[in-house]
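Peer 1: A structural model of the following input is requested.
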Amino acid sequence: MIVMGFWVILSAALQGLALTSFSIPAGIYPSGVIGLSRIVSDIFADFFNIDFSFQLLYVPINVILAVIVYRHIGKLFTIFSLAQTVLASLFASLFGRYIVLNETILIAIFGGLINGLGAGVALMHGASSGGMDFLSVYYSNKYHKSMWNQVFLFNMVMIVVTGFLYGWERAAYSIIYQYMNSYMIKRLHKRYTHQAIFIITKKPQAVIDSILDKVRHGITKVEAKGAFKGEDEMLLYTVVNSFQTEEVVKLALKGDPNAFIETRDTADVYGNYYQKPLE
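Peer 2: Residues are numbered from 1 along each chain as shown. Predicted coordinates:
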């Protein structure tokens, strides 16, 4: 709990920094709920002369989303994710707007990377940065695939609104910021990406026992015959989360050091697939 709390605080601090020193000074909009909150806040200020802090929308939306999905994504995950959003808002209020870079393109690139690093740190340690993450985790748990297409569509609507209201140059920089943010998250967080593993072995039971002793995933056995020597072998097939691939390969080789193993990316998984629940 203490370690998890540390990572959540670090995550919030990174996202607060990305807001105050990159996103807000450059007029660039992040993705997701925080981007929506920023746009609404700016619209009130620029078109209606009303001072409406984005935190007044950002935090309530996260609370509502958490209430909707908490039964499906784990209590600790929900609590720490909400804590992350509140802390990120707090840091954004406390941090001064220290300008790190002057070139907008560099602000978009490095600001997006820092923001994505903050979100990725939270996701890697059992929490999230809230907002669309709540819906994405719920969707991934239920359907065993990512929600990137829906999130992309949501963000594109914001980009179009930004372009019409504030110019397409700002919209283009926002796209870069959001892309770098997504790139960093995908590099760090692999819970909801999958890989298929093919193992050809003469010691199938030893390999199966080694894997199932540590990893809770089904394994399918298919009788095979080597084309070169004509020897009887067994093809073992399983699908695991990407972050488990290295461990499963090592376990397979422990069962049979001479096994031939292939791994490949898997887009979607249907049927009875075990996904370790979030706490």
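Peer 1: Next, the nearest residue to K202 once chain neighbours are set aside: secondary structure please.
Peer 2: Closest residue to K202 in three dimensions, ignoring its sequence neighbours and counting by CB to CB, 6 or more residues apart in numbering: E233, at 5.6 Å. For glycine as for every other residue, the C-beta is placed from the backbone atoms N, C-alpha and C. At E233, secondary structure determined by DSSP: H, G, I helix; E, B strand; the rest coil is strand.
Peer 1: And for V86?
Peer 2: Three-state call for V86 (three-state DSSP): helix.
Peer 1: And the one 10 residues further on, by the same measure?
Peer 2: Using three-state DSSP, the three-state assignment for G96 comes out as coil.
Peer 1: what about it, distance to T20?
Peer 2: Computed with CB to CB, to the nearest Å, the distance linking G96 and T20 is 7 Å.
Peer 1: Looking at the two, which is more packed in?
Peer 2: T20 (19 against 7; other CB atoms under 10 Å).
Peer 1: how near is the nearest residue to the more buried one once chain neighbours are set aside to P25?
Peer 2: Nearest non-adjacent residue to T20, counting by CB to CB, 6+ apart: F95, 4.2 Å away. When distance is defined by CB to CB, F95 is 12 Å away from P25.
Peer 1: Show me which of these two is the more surrounded one.
Peer 2: P25 (18 against 14).
Peer 1: Tell me where this structure is predicted with low confidence.
Peer 2: Judged by pLDDT under 70, the chain has its weakly predicted residues at 144, 192, 275-279.
Peer 1: Let me see the contact set for R264.
Peer 2: R264 makes contacts with Q195, A196, F198, as judged by CB atoms under 8 Å, 6 or more residues apart in numbering.
Peer 1: helix or strand for E223, which one?
Peer 2: Counting by DSSP states H and E, the secondary-structure element that holds E223 is strand 220-225.
Peer 1: and that strand, how far from the chain's centre?
Peer 2: With CA atoms, centre = their mean, to the nearest Å as the basis, the distance from the averaged C-alpha position of strand 220-225 to the chain average is 35 Å.
Peer 1: Now it - C-alpha only, CSV.
Peer 2: As requested, the backbone C-alpha atoms of strand 220-225 are provided in CSV (Å, rounded to 0.1, in the frame of the first residue of the first chain):
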residue,chain,number,x,y,z
THR,A,220,-3.6,-26.5,-25.7
LYS,A,221,-1.7,-29.7,-26.8
VAL,A,222,-1.5,-30.6,-30.5
GLU,A,223,0.3,-33.8,-31.7
ALA,A,224,3.0,-32.9,-34.2
LYS,A,225,5.7,-34.7,-36.3
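Peer 1: Show me what that strand is in contact with.
Peer 2: Counting by CB under 8 Å, 6+ apart, the neighbours of strand 220-225 from elsewhere in the structure are I200, P204, I208, E231, D232, E233, M234, L235, L236, Y237, T238.
Peer 1: Now the fourth one. Its backbone dihedrals?
Peer 2: Think E231. Backbone dihedrals for E231, given as degrees, to the nearest 10, come out at phi -90, psi 150.
Peer 1: what are the ranges of the strands in this structure?
Peer 2: Taking DSSP state E as the criterion, the chain contains strands spanning 194-201, 220-225, 232-241, 260-266.
Peer 1: Tell me which of these is the most buried.
Peer 2: The highest mean neighbour count among the strands of the chain belongs to strand 194-201 (a mean of 20), with neighbours defined as mean count of other CB atoms under 10 Å.
Peer 1: Just the angle for that strand relative to strand 220-225, thanks.
Peer 2: With axes from the mean of the first three to the mean of the last three CA atoms, to 10 degrees as the criterion, the two stretches strand 194-201 and strand 220-225 enclose an angle of 40 degrees.
Peer 1: Tell me the helices and strands packed up against strand 194-201.
Peer 2: strand 232-241, helix 245-255, strand 260-266 (3 or more CB pairs under 8 Å, 6 or more residues apart in numbering; DSSP states H and E).
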